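> give me a model of this one.
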Amino acid sequence: MIDYDKFQKSLKHLEEQHKNYINIEEKPFLTEIDKEGIAESVIQRFETCYDTLWKVLKRYLSEELGVPEVPNSPKPIFRIAADNKLFTADVTQWIKYSEARIDTSHDYSGDKAEEALALMGDFIADAIDLYITMTGTTWE
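Numbers count the residues shown, from 1 in each chain. Got it, this is the predicted structure:
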């Protein structure tokens, strides 16, 4: 049986911190370093969620769908998941998330971070859809 708890928890944490980031301008009391810290936290939570997501997806493909010889790398796993109609978004979107994850491991500031932050709303929505598909439950 697949344990989805880590994936669910990491996604909820990302979702909450992303809300903080989106509403950052409504908090004039925050200093620039506070705002930067929130943005960095969103990226770190994205990294954790992304890593948890693809690993749970790998188990799902193997244990629930019986896919033989599932690779140990996110991009091929995403392609297999797309072939099995697990995504509501096109696989190219998932490849963008993969590229953002690679980029953020090297650069938390500047263009790469901003590009990753711009993807967060879509990533969260797509990750929630995948969670619902894999677990057969609703998202709260």
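
> per-residue confidence at the residue nearest the centre of the chain?
Among the residues of the chain, the one closest to the centroid is residue 50, at 3.9 Å (CA atoms, centre = their mean). Note on residue 50: pLDDT of 97.

> now residue 109
For residue 109, the pLDDT comes out at 60.

> what do you get for the one 5 residues further on?
With respect to pLDDT, residue 114 scores 88.

> so which strand or helix has it?
Assigned by DSSP states H and E, residue 114 belongs to helix 111-135.

> scan the chain for its longest helix.
helix 32-59 (DSSP state H).

> now what about stretch 86-100, what contacts it?
By CB atoms under 8 Å, 6 or more residues apart in numbering, the surrounding residues in contact with stretch 86-100 are 46, 50, 57, 60, 74-75, 78-79, 81-82, 112, 115-116, 119, 122-123, 126, 129-130, 133-134. Every residue, glycine included, has its C-beta placed from N, CA and C.

> buried subset of the residues you listed as a PyMOL selection?
Per 16 or more other CB atoms under 10 Å, the buried members of those correspond to this PyMOL selection:
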select buried, resi 46+50+57+60+74+78+81+82+112+116+119+123+126+130+134
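
> now do the SS call for the residue located most distally from the centre of the chain.
Centroid-distance maximum for the chain: residue 29 at 29.3 Å, with CA atoms, centre = their mean. The three-state assignment at residue 29 reads coil, by DSSP: H, G, I helix; E, B strand; the rest coil.

> which phi and psi does it have?
Backbone dihedrals for residue 29, given as degrees, to the nearest 10, come out at phi -80, psi -10.

> also residue 88?
phi -90, psi -30.

> tell me how many other residues crowd it.
13 (other CB atoms under 10 Å).
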